[in-house]
Structures are given as structure tokens and as C-alpha cells.
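[1] Below are the sequence and a predicted model for it; my questions follow.
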Amino acid sequence: HYLILSIGFVLAATALGIDLTKLAIVGGALGIGIGLGLQGIVNNFFSGLIIMLDKSLKVGDFIELSDGLVGEVIRINIRSTIVRTNDNVDMLIPNAEFVSSRVTNWTLEENIRRFRVPFSVAYGSDKNLVRKAAIEAAFSVPLTLEDKARAPSVWMTGFGDSSLEFVLAVWVVSDAVKRPSHMMSEYLWAIDDAFRQYKIEIPFPQRDLHLRSGLPNTENKE
């Protein structure tokens, strides 16, 4: 659009017999002054053009910025992009931030993704039973993708201070990708219900207290 306007202006000036050489000199001087005073606006302007031409960001994408902001792209303007969070708050983000910073686009190529839910159980728990309970919990949540090639899985990730650490890796449907907090709540709720059913203990912090004998008697002697 702006390229067509620029070409049209040049053609019109040429047709009217205006000497573009002098205009170019004046325009260059003005350009330097405007560039120094409005470099932020100019940066955002060209960043907006890059976003529109690059197609790496489009309306409807669910993104996460480097500062942790998560939301859906509502509109891409020349100067800024409007991102709506899950709390229905519209954020105006300068376009330069999308070009110069890291942006995670959760829905760039595909609308489904794998979601990881960390959880822990008490030491001494049956690990096979833990896996069975977590898998059943995943399938009980309607958000779980029904695809044999992308079935839920349970990974043991470490030994904690008071617990065995696990992660439930589950693929979710496209409608749920834009609601990460809701997904976390649904799967944790289901895991807790499954653990109660199978009587699997959820750990709590524990400390061992050791008493040493032979300490000197500090009582006052008469």
C-alpha cells in the first residue's frame, strides 16, 4: 500500500514537471531529522511491515513473549500489535519487540501441542500403579487428544527431598491450547482424584530429628 502511494507520488510529480532532485535533497535533510526524533516510531513501523510480510505472526495466533506475557493476537497494526490475555485484557505491544525479542508462537504450524503436568508421590509408592493412575486421569479429561500416535505418557524425572518426581506428558486438543491455566487445573484435579482412588500418597515435607546423648548437664547445682 505504501509502496504504491510512493510510486504514485513520484509519477505525479514527474508529470507536473517538478524537479525531484531538489526535493530529494530537502527530503534527505528532513529524513535525518525525523529519523533521529522519531526513530522509535520508525522502528515499530518497519517492524510492522516485516511482521506482515514474514507471516510468522498472524491474527488468531496464541503467543508467549520473552517477559512471560501470554495471549492471543487480536490485531496487527503498523505501530503496535494488540494481544488479548486469558483475563480479557488487551495489551498493546510495540512491533519492534516481536522482531528483536524471542516470541513463542504456540499455534504457528499446528494447533495441538503436548502439555506437561508435573506431580510427585511419596517414597515407597508403586511406580507402575502411579503410571496407571496418571494415564487414567489423563483420559478422563475431555481436553486430551484421542490419537494412538500421541497417547499420554508418564516420565519419572527425579528424586526430591520428600518425594518421587513425575511428569504427565499429554497431547491436548486445539481449543485447549489457548487456556494453559485451565488445562493445568483440569489435569491436576483428575490426578488427585485418581490417587485418592488408588490410595497413592501425595508427599509433604518431612524432616528427621536426631537427638544426641551425653550432653553436659546445664542444671544449676546448689
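    Nice, thanks for sending it over.
[2] Report the secondary structure state of Val154.
    strand (DSSP: H, G, I helix; E, B strand; the rest coil).
[3] what's across from it in the sheet?
    Beta-bridge partners of Val154, counted by DSSP bridges, are Leu168.
[4] thinking it is in contact with Ala137, fair?
    No. The pair Val154 and Ala137 does not pass the contact test of Cβ atoms under 8 Å, sitting 9.9 Å apart. Placement of C-beta: from N, CA and C, glycine included.
[5] Name the residues contacting each of the two.
    By Cβ atoms under 8 Å, 6 or more residues apart in numbering, Val154 and Ala137 have these common neighbours: Leu168.
[6] Those two: which is more packed in?
    For Val154 versus Ala137, the count of surrounding residues by other Cβ atoms under 10 Å is larger for Ala137: 27 against 22.
[7] helices and strands of the protein: which one bottoms out on pLDDT?
    Least confident element among the helices and strands of the chain, by mean pLDDT, DSSP states H and E: helix 20-37 (a mean of 62).
[8] Render the CA-only coordinates of the one helix or strand Ile135 maps to in CSV, please.
    Assigned by DSSP states H and E, Ile135 belongs to helix 127-140. The C-alpha coordinates for helix 127-140 follow below in CSV (Å, rounded to 0.1, in the frame of the first residue of the first chain):
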residue,chain,number,x,y,z
LYS,A,127,5.6,-46.7,40.4
ASN,A,128,3.6,-48.8,38.0
LEU,A,129,0.5,-48.0,39.9
VAL,A,130,1.4,-44.3,39.7
ARG,A,131,1.7,-44.5,36.0
LYS,A,132,-1.6,-46.4,35.6
ALA,A,133,-3.4,-43.8,37.8
ALA,A,134,-1.9,-40.8,35.9
ILE,A,135,-2.8,-42.3,32.5
GLU,A,136,-6.3,-43.0,33.5
ALA,A,137,-6.6,-39.4,34.9
ALA,A,138,-5.4,-38.1,31.5
PHE,A,139,-8.0,-40.0,29.6
SER,A,140,-10.7,-38.8,32.0
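[9] need the next SSE after the least confident helix or strand of the chain, C-terminal direction.
    Following helix 20-37 in sequence order, the next helix or strand is helix 39-54 (DSSP H and E).
[10] now for that following helix, which elements pack on it?
    strand 70-76, strand 80-84, strand 90-94, helix 95-100 (3 or more Cβ pairs under 8 Å, 6 or more residues apart in numbering; DSSP states H and E).
[11] tilt between the longest one and helix 39-54?
    It refers to strand 70-76. Per axes from the mean of the first three to the mean of the last three Cα atoms, to 10 degrees, the angle that strand 70-76 makes with helix 39-54 is 90 degrees.
[12] Quick check: which ranges of the chain have low pLDDT?
    Within the chain, the stretches with pLDDT under 70 are 2, 17-39, 206-208, 213-222.
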